[in-house]
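# 3D, please:
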Amino acid sequence: MRGSYTIRQRPGSLYNFARMMKMGASLKIEVGKVPNGVLFASTLALLLFGVWIISPFYDPKLVDPISSLGLIVISLITAGFGFNIASNKTFFLPVRRAWTFFAIGSLSGAIAETIWFYYYYILVTNPSISVADLFYLLTFPLILLGILSLPYASLNREQRLLLNVDMVIVVLVAALFLWHFVLVDLIKQGVRGLPGLVSIAYPIADLVILSGLVSLLQQTIRGIGRMIVLFFALGIGLSILADILFAAYKTFNVSEGSAPLDLLWLVSRWAILVAAIWQTNQTKVEEKQSESFSPLLRTNLLYIAVLLGMGLAFFELESVLQSNLNLYGTLFGAFGITVLVLVRQYIFLQDNRRLHEELEHLATSDPLTGIANRRFFEETLAREIKRAQRYQRQLSLLMIDIDNFKNYNDQHGHPMGDKLLQDCAHLFRALLRDSDLVARYGGDEFVVILPEISVEQGKFVADKLRKIKIGTLASEEEIAISIGCAAFQQDMTAASLLELADQDLYRQKPDTAGR
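Down below sits the predicted model:
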């Protein structure tokens with residue numbers, strides 16, 4: 001970011017891809033050529049810049065103007081994609097609102113970088129404070145508002161409390177590093193007037209946006225894919241890191257290092273651009289929970305923050321305590337004990353997480369087939385109906401029955417009947433989208449929730465499923481299935497939608513006697 005803790009600084013500024021259904025024919029995935037072209041071009045330009053700064057042709061005088069122009073271009077393109085997402089009504093309103101803030105933030109960053117470029121290279125001056133700082137600082141609250149606007153999964157009171165504690169821990173540790181490497185140096189220099197306030201505003205803004213980043217990593221978001229959130233979080237994290245390194249370079253009077261920092265800022269903006277492109281290609285979105293981040297980005301974040309804070313404190317005390325061996329040994333031992341306690345706590349939490357996942361799987365899965373059970377299906381259907389009512393979305397339901405299953409069971413035995421149910425469940429799960437929920441409703445009946453699917457599309461999916469061949473090891477005979485389809489209407493309840501699908505199922509069955 002151009003602007004500065006003292007003179008210069010840069011600010012921190014990410015489905016439907018329909019899954020291919022192989023049912024005798026495959027559905028082609030249409031992906032926008034323009035977004036992919038922009039992604040390829042920006043990635044190539046970034047790689048070329050990285051190669052250039054380590055090549056014999058590197059010129060230190062050119063690195064700043066080239067990186068500045070690169071930041072302007074990337075920010076403007078990101079803003080364009082962000083505004084496009086915000087105007088696309090196929091996305092949820094919270095997603096569109098969030099990308100509106102992200103787009104304005106990127107645009108603000110581009111304006112700030114342009115003003116700084118004009119001052120530094122056109123007017124050949126470097127004012128301690130300028131209009132550029134206003135636009136730089138404006139990007140931080142805009143990005144934070146965007147993060148807070150994302151459609152997070154609901155949290156109970158205890159979860160909200162833990163989230164707030166997590167944010168406070170990480171932000172306090174970051175504040176320690178900023179105090180050590182930035183603020184102390186500013187205080188020694190003498191912070192006076194508006195330039196001094198602006199200098200302090202940058203590290204404070206970094207802390208604020210860091211709290212948003214922790215919230216982003218620690219929560220589950222609906223309607224946005226995991227990779228989109230990951231790239232966006234990566235962009236914010238790298239930008240904060242670049243800000244801190246820049247301030248540290250100034251504190252220790254490191255003259256070299258401008259090129260790596262420029263590359264780091266470019267990569268941070270590029271990561272957010274990737275998120276915007278990924279979101280643009282996500283032409284239709286289901287309001288489902290995204291995958292959880294790995295423990296390294298969630299629970300482990302707290303342990304890393306605590307260890308870093310303790311390490312900084314011990315580093316500061318080491319030179320003071322060398323003259324007092326008793327106190328030095330005591331603190332060193334206390335530090336080691338604390339680390340061991342944290343390791344023990346980490347192992348304990350990992351075991352609890354594993355047990356929780358196992359219990360959750362048992363509570364939501366059918367023990368025979370491994371797909372969702374009836375209880376989880378009913379909860380999901382109620383949630384999808386509320387979403388369809390709120391956002392005026394389409395929703396279809398399939399009810400599937402294996403024809404003459406009782407006769408098959410009597411003829412081949414219950415073990416082979418169980419094998420048939422398992423085969424059916426695995427085929428249904430493999431041939432439907434990730435966003436579709438397949439559940440065992442009871443006996444030989446299955447149900448499928450199809451979000452964003454009309455009745456005509458639902459019948460098309462049902463026809464495809466009817467054509468699949470289901471065989472078993474005990475018999476080469478073809479197993480027929482009957483499928484009923486129903487589409488949700490605004491005045492329907494879950495019970496009435498199920499009843500409508502069941503009625504259509506009876507109409508589709510050639511003979512209900514063996515059911």
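# quick check: buried residues in the helix of greatest length in the chain?
If you go by DSSP state H, the chain has its longest helix at helix 325-364. Buried residues in helix 325-364, defined by neighbour count with 16 or more other C-beta atoms under 10 Å: 331, 335, 364. Where you see a C-beta, it was placed from the backbone N, CA and C, and this is true even at glycine.
# likewise for stretch 130-138?
Per 16+ other C-beta under 10 Å, stretch 130-138 contains these buried residues: 130, 132, 133, 135, 136, 137, 138.
# show me what contacts the last one?
Shown in contact with residue 138 (C-beta atoms under 8 Å, 6 or more residues apart in numbering): 105, 108, 112.
# tell me how far it lies from residue 429.
Distance of residue 138 to residue 429, given as C-beta to C-beta, to the nearest Å: 48 Å.
# one step back: tell me which other helices or strands the longest helix of the chain touches.
Packed against helix 325-364 by the contact rule (3 or more C-beta pairs under 8 Å, 6 or more residues apart in numbering; DSSP states H and E) you find helix 299-321, helix 374-391.
# the first one versus helix 325-364: what angle between them?
Put plainly, it is helix 299-321. 180 degrees (axes from the mean of the first three to the mean of the last three C-alpha atoms, to 10 degrees).
# as JSON lines, the buried residues of helix 325-364 with pLDDT and distance to residue 153 would be great.
Below are these laid out as JSON lines (pLDDT from 0 to 100; distance: C-beta to C-beta, whole Å):
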{"residue": "331", "pLDDT": "76", "distance to residue 153": "42"}
{"residue": "335", "pLDDT": "78", "distance to residue 153": "37"}
{"residue": "364", "pLDDT": "88", "distance to residue 153": "15"}
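# and of those, the nearest to residue 497?
residue 364 (20.7 Å; C-beta to C-beta).
# so how many other residues sit close to the spatially closest residue to that closest one that is not a sequence neighbour?
Nearest non-adjacent residue to residue 364, counting by C-beta to C-beta, 6 or more residues apart in numbering: residue 376, 4.0 Å away. Using other C-beta atoms under 10 Å, the number of residues around residue 376 comes to 17.
# so, low pLDDT: which residues of the protein?
1-33, 182, 186-187, 189-196, 223, 247-257, 283-299, 318-323, 469-478, 510-515 (pLDDT under 70).
# ok, so what distance separates residue 365 from residue 261?
Distance from residue 365 to residue 261, by C-beta to C-beta: 49 Å.
# picking up where we left off before, let me have the helices and strands packed on helix 325-364 in CSV, adding distance to residue 440 as columns.
Compiled in CSV, the helices and strands packed on helix 325-364 are given as follows (distance: least, C-beta to C-beta, whole Å):
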stretch, distance to residue 440
helix 299-321, 33
helix 374-391, 7
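# out of the ones you listed, nearest to residue 425?
Between these, helix 374-391 lies closest to residue 425; by C-beta to C-beta that is 12.8 Å.
# for the closest one, C-alpha coordinates in CSV please.
Extracted C-alpha coordinates of helix 374-391, given in CSV (Å, rounded to 0.1, in the frame of the first residue of the first chain):
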residue,chain,number,x,y,z
ARG,A,374,-34.4,-39.8,7.6
ARG,A,375,-33.8,-37.4,10.5
PHE,A,376,-31.1,-35.5,8.6
PHE,A,377,-33.3,-35.5,5.5
GLU,A,378,-36.2,-33.9,7.4
GLU,A,379,-34.0,-31.3,8.9
THR,A,380,-32.4,-30.5,5.5
LEU,A,381,-35.8,-30.4,3.7
ALA,A,382,-37.1,-27.9,6.3
ARG,A,383,-34.1,-25.7,5.8
GLU,A,384,-34.3,-25.9,2.0
ILE,A,385,-38.0,-25.0,2.1
LYS,A,386,-37.3,-21.9,4.2
ARG,A,387,-34.6,-20.9,1.7
ALA,A,388,-36.8,-21.4,-1.3
GLN,A,389,-39.5,-19.3,0.3
ARG,A,390,-37.1,-16.5,1.3
TYR,A,391,-35.2,-16.2,-1.9
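# got the contact list for that helix?
With C-beta under 8 Å, 6+ apart, helix 374-391 has contacts from 92-93, 287, 363-366, 372, 393-395, 397, 437, 439-442, 447, 449, 451, 488, 490, 492-494, 497-498.
# quick one: that helix to helix 325-364, angle?
Going by the same axes, to 10 degrees, helix 374-391 makes 90 degrees with helix 325-364.
# may I see the buried residues of helix 374-391?
376, 377, 378, 380, 381, 384, 385, 387, 388.
# how about stretch 435-444?
435, 436, 437, 438, 439, 440, 441, 444.
# and which of the residues you listed is nearest residue 505?
residue 441 (10.8 Å).
# phi, psi for the closest one please.
Backbone torsions for residue 441, taken as degrees, to the nearest 10, come to phi -80, psi -30.
# tell me which residues touch the closest residue to it other than its chain neighbours, please.
Spatial nearest neighbour of residue 441, chain neighbours left out: residue 447 (4.6 Å); criterion: C-beta to C-beta, 6+ apart. If you count contacts by C-beta under 8 Å, 6+ apart, residue 447 has them with 377, 397, 398, 399, 400, 438, 439, 441, 498, 501.
# farthest pair within the residues you listed?
The span of the contacts of residue 447, defined through C-beta to C-beta, is set by 438 and 498 at 15.2 Å.
# any idea how far residue 281 is from residue 36?
8 Å.
# neighbour count for the two, which is higher?
A direct count of neighbours by other C-beta under 10 Å for residue 36 and residue 281 places residue 281 higher, at 19 against 13.
# surely that one is in contact with residue 35?
Yes: between residue 281 and residue 35 there is a contact under C-beta atoms under 8 Å: 5.6 Å.
# sorry, back to before: need the buried residues of helix 374-391 in TSV with distance to residue 239, can you?
Putting the buried residues of helix 374-391 into TSV (distance: C-beta to C-beta, whole Å) gives the following:
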residue	distance to residue 239
376	40
377	43
378	44
380	37
381	42
384	37
385	41
387	34
388	38
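# I'd like to know how far residue 326 sits from residue 340.
For residue 326, the distance to residue 340 equals 22 Å [C-beta to C-beta].
# and residue 210, by the same measure?
Residue 210 sits 28 Å away from residue 340, going by C-beta to C-beta.
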